[in-house]
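**Student:** one predicted model, sequence on top.
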Amino acid sequence: MNKILMIIPAYNEAQNIEGTINSIQQHNSNKYDILIINDGSTDETEKIVRNIPNVELLNLKVNLGIGGAVQTGFKYAHKYDYQIAIQFDGDGQHNAEEIEKLIAKVQNDGFDMVIGSRFIDKQGFQSTIMRRLGIIIFEVLNSVLIGQRISDNTSGFRAYSKRAIDYLSKNYPQDYPEPETVIILAKKGFRITEVPVIMNDRQGGVSSINGMKSMYYMVKVILSILITTLRKN
Amino acid sequence: MNELLNNMQKVNTNLIQYYSIIFSIGFMIFIVELVRRKKIREEYSIIWIVFGIIFLFFSIFRSALNTLAFNLGIAYVPMALLLILIVGIFLILVQYSIVITKLTEDHKSIIQENSLLNNEFEKMNKEIKKLNIEIEQLRNINEDNNKLI
């Protein structure tokens, strides 16, 4: 039996986190270990998670951003020798019943990173028009740079092999890491694939990327992608 | 107008040279003093001292600035001085970005490691509590047995 870890970053997700954990536990009884990384939340997130049985909690004393939080999850997976890690959002966007699809690709087909993509079957919440535009830019950019079409570069629903876990525990971008990770892993020769998933609109709380931040997001991520391409190692 | 020109001709340009020399030396003493008091680390003081020396050099050898301006194609000599100053400030600011980046990385690692250790500590605490309960139970059994004997 492979050891599988669910990595769930949570920043001020008091409204959503319990529902997310419940849905994972319902669908998968005790097949996966669940790890919540509380990224310096200022709300009740920590308290809520502590009251849920069979969940491990990592408490970051300072808000590191999604990248820093997820990387802590990889460090945990590396430390306790997990074979597969699943990155899963704490805000209720992802569906727990689809986790198996991602795992199967790692376990049976030997992929190092499997991305759950909204845009293969085009079902479920497809994001807003402006965001779709950004996502298309990443799709074109990344496809050209790595020679493989990745339709959902910003998806935070992913499965990773042990090899990828060990690498990412040491090298992971600090903010807005998803599109960049595709390039980092592809350049290192890791095998990447996508599976279709259905995502929901967030259940509560607010997204971390809004207004002026989305401009900064695009500039930062495109710059990071281009610089990562220039790096030798 | 004539009066202004007259005044300009009367200016003793040696004065600014003296002030520059005094300022450059004073500045370097200030930096060394900060390093001595451990307010600045040695590695970060190097760039300041280097620019102090460059300014001292140009304060003492004024003709060097003329030569430099001439070779750089600068018509108005004081601009060469300004150029050196701006290049210096740029380099120092870039160095700050490098230092900040390193600090951010180190800070991130420490926060992450802290959370992992905390988690391990809590796990061990739970184990200890479990063991304590078991010890307590064994003690009770032992006492019961002793009573029976």
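**Tutor:** Nice, thanks for sending it over.
**Student:** name the helix or strand for residue 133, please.
**Tutor:** Defaulting to chain A. Element membership for A:L133 (DSSP states H and E) is helix A:129-146.
**Student:** not what I meant, chain B
**Tutor:** Assigned by DSSP H and E, B:I133 belongs to helix B:78-148.
**Student:** how about A:S151?
**Tutor:** With DSSP H and E as the test, A:S151 turns up in no helix or strand.
**Student:** mind listing what B:I111 touches?
**Tutor:** By CB atoms under 8 Å, 6 or more residues apart in numbering or on different chains, the contact list for B:I111 reads A:60-62, A:64, A:68. Every C-beta, even on glycine, is put in place using the N, C-alpha and C of the backbone.
**Student:** I'd like to know how many residues surround residue 136.
**Tutor:** All of this refers to chain A. Residues contacting A:I136 under the criterion other CB atoms under 10 Å in any protein chain shown number 13.
**Student:** ah, I was thinking of chain B
**Tutor:** 10.
**Student:** just flag the most distant two among the contacts of B:I111.
**Tutor:** Across these, the longest distance by CB to CB is 11.7 Å; it joins A:K61 and A:G68.
**Student:** could you measure from A:Y167 over to A:S155?
**Tutor:** Look at A:Y167 and A:S155: by CB to CB, to the nearest Å, they are 19 Å apart.
**Student:** what of A:K122?
**Tutor:** 14 Å.
**Student:** residue ranges with poor pLDDT in the chain?
**Tutor:** Using chain A here. Scanning chain A for pLDDT under 70 picks out the ranges A:1-2, A:29, A:202-210, A:233.
**Student:** oops, chain B please
**Tutor:** Low-confidence segments of chain B (pLDDT under 70): B:1, B:8.
**Student:** just want the most central residue of it.
**Tutor:** Nearest to the mean C-alpha position of chain B, counting by CA atoms, centre = their mean, stands B:Y44 at 5.2 Å.
**Student:** neighbour count for A:K61 and A:G68, which is higher?
**Tutor:** A:G68 (26 against 12).
**Student:** and the more buried one, what element?
**Tutor:** Assigned by DSSP H and E, A:G68 belongs to helix A:66-79.
**Student:** in that helix, which residues are buried?
**Tutor:** If you call a residue buried by 16 or more other CB atoms under 10 Å in any protein chain shown, then helix A:66-79 has these buried ones: A:66-78.
**Student:** same check, this time on stretch B:49-62
**Tutor:** Within stretch B:49-62, the residues scored as buried using 16+ other CB under 10 Å are B:51-52, B:55-56, B:58-59.
**Student:** repeat that for stretch A:27-45.
**Tutor:** Residues of stretch A:27-45 classed as buried: A:28, A:32-41, A:45 (neighbour count, 16+ other CB under 10 Å).
**Student:** can you name the two of the residues you listed that are farthest apart?
**Tutor:** For these, the farthest-apart pair by CB to CB is A:N28 and A:G40; their separation is 28.0 Å.
**Student:** distance of the residue nearest the centre of chain A relative to A:G68?
**Tutor:** The residue lying closest to the centre of chain A (CA atoms, centre = their mean) is A:G156, at 3.1 Å. Computed as CB to CB, the A:G156 to A:G68 distance reads 14 Å.
**Student:** distance between the ends of stretch A:102-118?
**Tutor:** Stretch A:102-118 has its terminal residues 13 Å apart, counting by CA to CA, to the nearest Å.
**Student:** one more: stretch A:69-88?
**Tutor:** One end of stretch A:69-88 sits 12 Å from the other (CA to CA).
**Student:** about what we covered before: does the residue nearest to the centre of chain B belong to a helix, a strand or coil?
**Tutor:** Following DSSP: H, G, I helix; E, B strand; the rest coil, the label given to B:Y44 is helix.
**Student:** tell me the contacts of residue 27?
**Tutor:** No chain specified, so I'll use chain A. Counting by CB under 8 Å, 6+ apart, A:H27 touches A:96-97, A:99.
**Student:** wrong one, chain B
**Tutor:** When contacts are counted by CB under 8 Å, 6+ apart, B:F27 touches B:52, B:55.
**Student:** quickly note the distance from it to chain A.
**Tutor:** Distance of B:F27 to chain A, computed by CB to the nearest CB, to the nearest Å: 37 Å.
**Student:** against chain A, how distant is the residue of chain B most remote from its centre?
**Tutor:** Within chain B, B:I149 marks the point farthest from the mean C-alpha position, 75.3 Å out by CA atoms, centre = their mean. Distance of B:I149 to chain A, given as CB to the nearest CB: 42 Å.
**Student:** what does chain B put close to chain A?
**Tutor:** Proximity of chain B to chain A (CB under 8 Å from any CB of the partner chain) is limited to residues B:104, B:107-108, B:111-112, B:114-116, B:118-119.
**Student:** one more pass at 6 Å, please.
**Tutor:** Chain B comes close to chain A at residues B:108, B:111-112, B:115, B:119, as judged by CB under 6 Å from any CB of the partner chain.
**Student:** of the residues you listed - the most surrounded one?
**Tutor:** B:S115 (25 neighbours).
**Student:** looking at it, A:Q93 is touching A:V197, isn't it?
**Tutor:** No - the pair A:Q93 / A:V197 is not scored as a contact, 9.9 Å apart, by CB atoms under 6 Å.
**Student:** more crowded one of those two?
**Tutor:** In this view A:Q93 and A:V197 are compared by other CB under 10 Å, and A:V197 has more residues nearby, 25 against 22.
**Student:** quick one: residues contacting the more buried one.
**Tutor:** A:98, A:116, A:157 (CB atoms under 6 Å, 6 or more residues apart in numbering or on different chains).
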